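In: Below: sequence and its predicted model.
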Amino acid sequence: MIFHDLCQKASVPSQAFDQAYSTMLRGLALNHYYTNRKNVTQTISFEQMCNATRNYFEGPEHKRNVLNRWNKTTLRTVIAKNPEKSTLECLQLLINDLRHLQHGLDNNL
């Protein structure tokens, strides 16, 4: 979503997404991209690149961990981790945490 938004703002046509893909990557994702691309002689599509990266970093174990964290995250746990903050501030932290975790959940959840 972020990549598409930035490409739209920069007027990058969808036909060039595969060439722009690596510019959004950092750290381990960029390392994974170059490690796996150096031995590939055929052209792969933008969708294939996204799927390869997603499968590497967000496989079944990752999804189970995210679901486990989602199920354990409550207002009470956030308050316990942030005793110096008000209940309203902790509620906002809870909402932010759940929004972040939601991206890692299976689509059917």
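Out: Arrived safely.
In: Low-confidence stretches in this protein?
Out: The model of the chain has pLDDT under 70 over residues 38-40.
In: domain ranges for it?
Out: 1-57, 60-109 (automatic domain parsing).
In: Excluding residues flanking it in the chain, which one is nearest residue 66?
Out: Once flanking residues are discounted, residue 66 sits nearest to residue 104: 3.7 Å by C-beta to C-beta, 6 or more residues apart in numbering. Heads up, the C-betas are built off the backbone N, CA and C, glycines and all.
In: surely that neighbour meets residue 59?
Out: No - taking C-beta atoms under 8 Å as the definition, residue 104 is not a contact partner of residue 59, at 11.2 Å.
In: For those two, indicate the residue with more neighbours.
Out: A count of neighbours by other C-beta atoms under 10 Å puts residue 104 above the other of residue 104 and residue 59, at 15 against 10.
In: Helices of the chain, start to end?
Out: Under the criterion DSSP state H, the chain carries helices at the ranges 2-9, 17-20, 27-37, 46-57, 60-72, 75-81, 87-102.
In: what angle sits between the third one and helix 46-57?
Out: Between helix 27-37 and helix 46-57, the angle comes out at 120 degrees (axes from the mean of the first three to the mean of the last three C-alpha atoms, to 10 degrees).
In: who does helix 27-37 touch, helix- and strand-wise?
Out: helix 46-57 (3 or more C-beta pairs under 8 Å, 6 or more residues apart in numbering; DSSP states H and E).
In: Give the buried residues for the helix it packs on.
Out: Neighbour-count burial for helix 46-57, with 16 or more other C-beta atoms under 10 Å as criterion, is recorded at 46, 49, 52, 53.
In: Okay, angle between that helix and helix 60-72 too, please.
Out: 70 degrees.
In: helices and strands around helix 46-57, which ones?
Out: For helix 46-57, the packing partners by 3+ C-beta pairs under 8 Å, 6+ apart come out as helix 17-20, helix 27-37.
In: Relative to residue 100, which of the ones you listed is closest?
Out: Proximity to residue 100, assessed across these by C-beta to C-beta, is greatest for helix 27-37 (17.1 Å).
In: thinking again about what came up before, who are the contact partners of the residue nearest to residue 66?
Out: By C-beta atoms under 8 Å, 6 or more residues apart in numbering, the contact set of residue 104 is 58, 62, 63, 66.
In: Thanks again, I'm all set now.
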